[in-house]
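Engineer: task: produce atomic coordinates for the following.
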Amino acid sequence: MRRNIFWRIQYNSPVVLTFALISFAALFLGQLTQGWTDQYLFCVYRSSLLDPLTYIRLFGHVLGHANLAHLTGNMMLFLLLGPILEEKYGSRALLQMFVLVAVVTGVVNMIFFPGTALMGASGIVFMMIILASMTSVGRRQIPLTLIIVAVLYLGQEVYDGLFVMDNISHLSHIVGGVCGCAFGFTRK
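Structural biologist: This next block holds a predicted model:
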């Protein structure tokens, strides 16, 4: 008797997979509510500190995405790098990194771009890109991959942030990358 292939599928990276599934659910919920949940739960913008939803948005904005293309663009690298990082650092540590990047990018957006809403996991994806390039940090050495990735990815973000007019939060990408670098040097 042949075994069913579905019994062999493993939920191998619980934090990464759960994050991705919640992000897909948030997109569906945003479409179902005609953007209400996006506005009140899944994007961050300057709002009163007395509003309890402000604090939910500080975390929730990384789960929200403008459309399916935005979500799948983030999820491709997220699902590629996430399991590797979750295996290396552990589920709890990776979740802590996600939360910290969400809060830092949310606060930075509220301070420097008060009239702009921010949504999406790209700050976390940039954190993961930089963190993945640092897998061999230690023994007072800096991996050449880190330098090349930082120049390519973060350099492009600095350039685009200064000279390209688009609806992308290049500062969130940079902040995520800086957080990834900090995590890489402090968590071995």
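Engineer: centroid residue for the chain?
Structural biologist: Ile124 (2.1 Å; C-alpha atoms, centre = their mean).
Engineer: my read: that residue touches Val101, true?
Structural biologist: Yes - the pair Ile124 / Val101 is scored as a contact, 5.1 Å apart, by C-beta atoms under 8 Å. Backbone N, C-alpha and C define where each C-beta goes, glycine included.
Engineer: from the chain's centroid, how far away is the one helix or strand Ile111 maps to?
Structural biologist: Ile111 is part of helix 91-112 when elements are defined by DSSP states H and E. In terms of C-alpha atoms, centre = their mean, to the nearest Å, the centre of helix 91-112 is found 8 Å from the chain centre.
Engineer: counting contacts, what elements does it pack onto?
Structural biologist: helix 14-32, helix 52-60, helix 68-89, helix 122-132, helix 170-186 (3 or more C-beta pairs under 8 Å, 6 or more residues apart in numbering; DSSP states H and E).
Engineer: isn't Ala102 up against Gly123?
Structural biologist: Yes - taking contacts as C-beta under 8 Å, Ala102 lies within contact range of Gly123: 7.4 Å.
Engineer: for Tyr159, see how far away the closest residue in space to Val164 that isn't next to it in sequence is.
Structural biologist: Excluding the flanking residues, the one nearest Val164 by C-beta to C-beta, 6 or more residues apart in numbering is His170, at 7.9 Å. The gap separating His170 from Tyr159 is 9 Å, by C-beta to C-beta, to the nearest Å.
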